[in-house]
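> pasting the sequence and the predicted coordinates here, then a few questions.
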Amino acid sequence: VQLQASGGGLVQAGGSLRFSCAASGRTFDNYNAGWFRQAPGKEREFVAAISWSGGSTYYADSVKGRFTISRNNAKNMVYLQMNSLKPEDTAVYYCAATTIVGLTTPDEYDYWGQGTQVTVSS
């Protein structure tokens, strides 16, 4: 499956952004999806994940209550709504897909989109 992320940009602290990830190549509703991020000089970290049906979601503690992951299998899309953004959310964000639900480790994901940059100014 091929993934294409979009929606990054520059935003002030407290603002909102919405990421979209478009999937193609295979039946996307066979896959669980996740969002990860990587800040300069840091390892890639888990942000959020969603099961193939959308019925289960998982979040990193650092984004819980501020970010919402969702998907629309009819459109082969996964979304990440980010509210109340903080400067520490600044990173390159990646969407990813895996056949196993609930995974939070990058190495466990099989397919990756290109990164999209988010910069949150204070």
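Good, I have the coordinates. Numbering: from 1, shown residues only.
> hang on, isn't residue 101 packed against residue 53?
No. Between residue 101 and residue 53 there is no contact under C-beta atoms under 8 Å: 9.2 Å. All C-beta spots, glycine's among them, are computed from the backbone N, C-alpha and C.
> neighbour count winner among the two?
Each of residue 101 and residue 53 has its neighbours counted (other C-beta atoms under 10 Å); residue 101 has more, 15 against 11.
> measure the more buried one to residue 6 for me?
Residue 101 sits 25 Å away from residue 6, going by C-beta to C-beta, to the nearest Å.
> which residue ranges of this structure form helices?
Under the criterion DSSP state H, the chain carries no helices.
> centroid-nearest residue for it?
residue 35 (2.3 Å; C-alpha atoms, centre = their mean).
> so who does the nearest residue to that residue once chain neighbours are set aside touch?
Among residues not flanking residue 35 along the chain, residue 47 sits closest, at 4.3 Å (C-beta to C-beta, 6 or more residues apart in numbering). Neighbouring residues of residue 47 by C-beta atoms under 8 Å, 6 or more residues apart in numbering: 34-37, 59-60, 63, 67, 80, 93.
> among those residues, which ones are in strands?
Of the contacts of residue 47, the ones assigned to strands by DSSP state E are 34-37, 59, 67, 80, 93.
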